[in-house]
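# predicted structure and sequence below. I'll ask about it afterward.
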Amino acid sequence: MKNYISIVLVVMLLLASLAYNLHQNQQNEDLNASLEVYNKQAEITKKKNLKTIDSLHDISLRLDSLVVIKEDANAELQIRIQHYLAKDTADEEALNGITNTDSIRSLFARYYSNNHLAGKAGH
């Protein structure tokens with residue numbers, strides 16, 4: 001009878017162990033399924049982030065080119081300002097020496113050719 005009880009206990013322990021292993025296998029399958037879902041979501045997020053990084057890089061390049069364009073435009077503007085300041089200084093010096101009206105009209109016509117005074121220059 002002792003052997004019979006021992007065998008029954010061993011069989012019950014084996015069945016309990018088998019049930020526990022089946023339960024653990026089911027939990028592992030569930031965890032693996034969850035892991036796959038999370039991995040897919042992580043891959044989607046990674047792709048979105050890479051697109052965002054590429055987009056930000058493109059924006060950065062455009063901003064850099066705009067900075068270069070702005071610097072070029074500012075340099076050109078400074079050159080034009082210097083040119084007009086020099087011309088303005090020369091015109092002021094010329095005006096200080098002009099005494100007749102036709103010379104003033106001629107100088108004025110250089111800047112305002114559509115003005116009614118421009119047509120009278122040289123008359």
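Good, I have the coordinates.
# tell me where this protein has helices.
When assigned using DSSP state H, the helices of the chain occupy the ranges 2-97, 101-111, 116-119.
# hey, which of the ones you listed is tucked in deepest?
Stretch with highest mean neighbour count among the helices of the chain: helix 101-111 (a mean of 14; mean count of other CB atoms under 10 Å). Quick note: C-beta positions are derived from backbone N, CA and C, even for glycine.
# tell me what that one is packed against?
Packing contacts for helix 101-111, counted by 3 or more CB pairs under 8 Å, 6 or more residues apart in numbering; DSSP states H and E, involve helix 2-97, helix 116-119.
# can you redo these as JSON lines with mean pLDDT and distance to Ser106?
Below are these laid out as JSON lines (pLDDT from 0 to 100; distance: least, CB to CB, whole Å):
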{"stretch": "helix 2-97", "mean pLDDT": "93", "distance to Ser106": "10"}
{"stretch": "helix 116-119", "mean pLDDT": "50", "distance to Ser106": "9"}
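# and Leu107, which of those helices is closest to it?
Among the helices and strands packed on helix 101-111, the nearest to Leu107 by CB to CB is helix 2-97 (6.4 Å).
# that closest one to helix 101-111, inter-axis angle?
Interaxial angle of helix 2-97 relative to helix 101-111 (axes from the mean of the first three to the mean of the last three CA atoms, to 10 degrees): 160 degrees.
# quick one: helix 2-97 to chain centroid distance?
Relative to its chain's centre, helix 2-97 lies at 13 Å (CA atoms, centre = their mean, to the nearest Å).
# what packs against that helix?
Helix 2-97 sits against helix 101-111, with contacts defined as 3+ CB pairs under 8 Å, 6+ apart.
# alpha carbons only: can I get the helix it packs on in CSV?
Coordinates of the C-alpha atoms in helix 101-111 are reproduced here as CSV (Å, rounded to 0.1, in the frame of the first residue of the first chain):
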residue,chain,number,x,y,z
THR,A,101,19.2,126.3,-62.7
ASP,A,102,19.8,124.1,-65.7
SER,A,103,22.7,122.3,-64.0
ILE,A,104,20.5,121.5,-61.0
ARG,A,105,17.7,120.3,-63.3
SER,A,106,20.2,118.0,-65.1
LEU,A,107,21.4,116.5,-61.9
PHE,A,108,17.8,116.1,-60.6
ALA,A,109,16.9,114.4,-63.9
ARG,A,110,19.5,111.6,-63.3
TYR,A,111,17.3,110.4,-60.4
